[in-house]
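Enquirer: The sequence and its predicted three-dimensional model are supplied below.
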Amino acid sequence: MKKTGNYTVRKTGRRRSGSTGRKVLLTSGILLVAFSVIVVAIILIGDGGQGPVLSGSGSSSGFVSGGEELSEVSSEDLSQESADSLMPVSSGIESIPVSPTPAITHGPMFFGQKNPVLLGGNFNRTLVIGAVISKALPASLNFTSVIYKGNQVLQAYNRPDALTFYDPADYSSVAGVLGFRGNNFRNSPSFGYTSMKEKKLEQIWERRMGGMPSSSWDFSWSGTGWTGQPVMIQWDEDVRRIMNLNQDKKNKEGLVEVITAAMDGKIYFYDLQDGKETRPAINIGVAVKGTPAIDPRGYPLLYVGQGDYPPKTPGGEMGFRVFNLIDQSLLHFQNTGKETRSYRNSWGASDSSPLIDAETDTLIYPCENGMIYTAKLNTVFDKQNGTISISPEFVDYKYKSSATTSQGIESSIAIYGSLGYFADNSGAINCVDLNTMKPMWSKRLDDDNDVTPVLQQEGDKLFLYCGTEVDNQKPIKGVYKGEAYVYKIDALTGETIWRNSYPAYTYNDPERSGNDINGGIMGSFIIGKGRYSNLVLVSICMTEGYSSGNTIAAFDTATGDLVWDYKMNHYSWGSPVDVYDSNGKMYVLMTDSVSQVHLVDGDTGERLHYIQIMKGFAGAEPVSGGNIESSAAVFGDYLVVGTRGGVIAGVRLR
């Protein structure tokens, strides 16, 4: 056991290594030099000859930075802090000072249209497909499924345009983190390389969000929730110039726009570098807990799911929406809350982050009513005239089996080819062929599973990683200790390759299950890239007691053995984020329930630095930003994450 400060690094194994010239006319040369001088002069004039500078240097007023992590607090203190974070907050953006960004060249913000972290792998479309294990066969579980085209029940279906979700590096044709964990494998919450020269973090901007009452519970929604990840996109110039962006942002070369859907019923739009508004917020008037998605073709389309009925209105309107980002108009609303075709027509939240197949123009959107909605969008995008439209044709799927105890899909779907992998509220992992809408296999895990599965290809094999909460292991109301289970599964056969576990606590409310606070695995997994491809990392919350403790555990992908673990004082429902420098060195970023962001060495699991996100960080009396339930996203040297305390913050990776 190696102790450093107030965290512990435990090493239990060894990580394996991944294995001329032409003559030119004098006059042409003179003209070229003159043209270069003119261009440089224009740029300098446009910038006023100077660039903005950062406020602070990592130890500015209000930061908890470096040094010692915040000490453990009592459950009573945390409960009060959690309760405070759930109190209603005034809606809308509060005017606050926003620090200017550092002067940078355009170079570090341009990585190309494909994520360089994902390039260089040997992706293989030819997989060895074995037989599904008998226990996972749909027939073994008395599986029944129904395919709908509108209200018509189809006896069989073959998608006219076969889905093409293959190499995750090819998922999108624009730079950014466009949905939850980035792509169809759900394995990339960051885009581009980070410099990480100083191995430090620094909060550089903040914006405020509000709150609203829930439809029927005792608490109010505020800030961003679970999964609540922001999405980021570096718009192509010809698309950027036809959208309703503020003029300075419309003219900004290399603009990376951050889009956050919040629980105050608004969708916010910010500049990644300075946190300033890029355009007005969209007010949909209902809470959004999950992560939206931007169209991977770089089309100005935004897909957003609703997390609750309207305030104080149980049974009101609920569904997912598609927005036109040229003018922010609503193109489509799909009513999922009063879905008479579903097995669960009393609840239709859409916390999933959908996937869009760029080649076939197809939307895949699971829902908590237990259905998977798929749609041929029939998108028509006219850049020249600045218009876009969709005319979706839906074919939908529902299912049940002897293993189904609770309908609903709360997490997001991962897809290889046409094979969709998702977890449901019964604690089962399922595989469905989305071309035929037929179930391929299903298996119950050892407890409830709300985590989005993550895919990894190893040669001619495809594997799936997933894990469980601590929720239904004991018939105990109140607090008890259980095990959070981690699985590696053959994605084509349903066979468990290995299973490991880690102790964690949970709280089951004696009166209302909606007030439960679960421990275990609540965040999605990291699959190491490059020389770290033999590591799978997962965050396990409440490892020291109710509302106490969190661990990032790194497991060997081949054996399931624990390689290292990083222990934190405070729990987290967020997902860890892996970032890499240009030499392939991995760093891990993790948030927690007292608004801290931890920076961890990917080789050793040792903490390098951390800060606490502050509300009013640039002022005289900053306060904690609140519980971070949401997952973060990273573009280059910039991390963005929201809090339950009504703050969305920009953090510089230095």
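Expert: Structure received. Quick caveat: nothing in here was measured; it's all calculated off a predicted structure.

Enquirer: So, low pLDDT: which residues of this protein?
Expert: Regions of the chain meeting the criterion pLDDT under 70 cover residues 1-108.

Enquirer: Just the helices from it, written as ranges.
Expert: 26-46, 75-85, 237-240, 247-250 (DSSP state H).

Enquirer: does residue 128 really touch residue 460, like I thought?
Expert: Yes. Shown here, residue 128 and residue 460 form a contact pair, counting by Cβ atoms under 8 Å, at 4.6 Å. Glycine gets a C-beta too; all of them are placed from N, C-alpha and C.

Enquirer: List the residues that contact the residue nearest to the spatial centre of the chain.
Expert: In the chain, the centroid-proximal residue (Cα atoms, centre = their mean) is residue 180; its distance is 3.2 Å. Going by Cβ atoms under 8 Å, 6 or more residues apart in numbering, residue 180 touches 186, 227, 229, 290, 291, 293, 353, 412, 452, 524, 631.

Enquirer: One more pass at 6 Å, please.
Expert: Taking Cβ atoms under 6 Å, 6 or more residues apart in numbering as the criterion, residue 180 is in contact with 227, 229, 291, 353, 412.

Enquirer: try residue 143
Expert: So, once contact is read as Cβ under 6 Å, 6+ apart, residue 143 ends up touching 401, 439.

Enquirer: cool, residue 515 as well?
Expert: Contacts for residue 515 (Cβ under 6 Å, 6+ apart) come out as residue 509.

Enquirer: Roughly how far does it sit from residue 392?
Expert: 37 Å (Cβ to Cβ, to the nearest Å).

Enquirer: Then residue 119?
Expert: 33 Å.

Enquirer: Have a look at those two and say which one is more surrounded.
Expert: Remark: of residue 119 and residue 392, residue 392 carries more neighbours, 18 against 13, as counted by other Cβ atoms under 10 Å.

Enquirer: Tell me if I'm right that the more buried one and residue 375 touch.
Expert: Yes. Between residue 392 and residue 375 there is a contact under Cβ atoms under 6 Å: 3.9 Å.

Enquirer: Which residue comes closest to the residue nearest to the centre of the chain once chain neighbours are left out?
Expert: Once flanking residues are discounted, residue 180 sits nearest to residue 353: 3.5 Å by Cβ to Cβ, 6 or more residues apart in numbering.

Enquirer: so the one you found makes contact with residue 412?
Expert: Yes. Counting by Cβ under 6 Å, residue 412 is a contact partner of residue 353 at 4.6 Å.

Enquirer: What count of nearby residues applies to residue 333?
Expert: 13.

Enquirer: How many neighbouring residues does residue 435 have?
Expert: 18.

Enquirer: oh, and call the first residue 109 from now on, that's how I've got it
Expert: OK, 109 is where the count begins now, so the last one is residue 543.

Enquirer: ok, for it, nearest residue in space, not its chain neighbours?
Expert: Counting by Cβ to Cβ, 6+ apart, the residue nearest residue 543 is residue 526, at 4.0 Å.

Enquirer: The one you found and residue 404, how far apart?
Expert: Residue 526 sits 17 Å away from residue 404, going by Cβ to Cβ.

Enquirer: swap in residue 339?
Expert: Computed as Cβ to Cβ, the residue 339 to residue 404 distance reads 11 Å.

Enquirer: Need the overlap of contacts for the two.
Expert: By Cβ under 6 Å, 6+ apart, the residues touching both residue 339 and residue 404 are residue 286.

Enquirer: So which residues of the stretch 359-508 of the chain form strands?
Expert: Here the stretch 359-508 of the chain has its strands, by DSSP state E, counting those that start in this stretch, at 364-369, 374-379, 390-391, 401-402, 409-413, 427-432, 437-443, 463-465, 470-474, 480-484, 488-490, 495-497, 501-508.

Enquirer: got a list of contacts for the fourth one?
Expert: Contacting residues not belonging to strand 401-402 are listed as 286, 287, 339, 341, 410, 411, 461, 462 [Cβ under 6 Å, 6+ apart].

Enquirer: partners of it in the sheet?
Expert: Partners of strand 401-402 in the sheet, by DSSP bridges, are strand 409-413 (antiparallel).

Enquirer: and the angle from the strand it pairs with to strand 374-379?
Expert: Here the directions of strand 409-413 and strand 374-379 differ by 140 degrees (axes from the mean of the first three to the mean of the last three Cα atoms, to 10 degrees).

Enquirer: in strand 409-413, what's buried?
Expert: Residues of strand 409-413 classed as buried: 409, 410, 411, 412, 413 (neighbour count, 16 or more other Cβ atoms under 10 Å).

Enquirer: so which of these comes closest to residue 359?
Expert: residue 410 (21.9 Å; Cβ to Cβ).

Enquirer: how about the nearest residue to the closest one, chain neighbours excluded?
Expert: That would be residue 431: by Cβ to Cβ, 6+ apart, it lies 4.4 Å from residue 410.

Enquirer: burial count for the one you found?
Expert: Other residues near residue 431 come to 21 when the count uses other Cβ under 10 Å.
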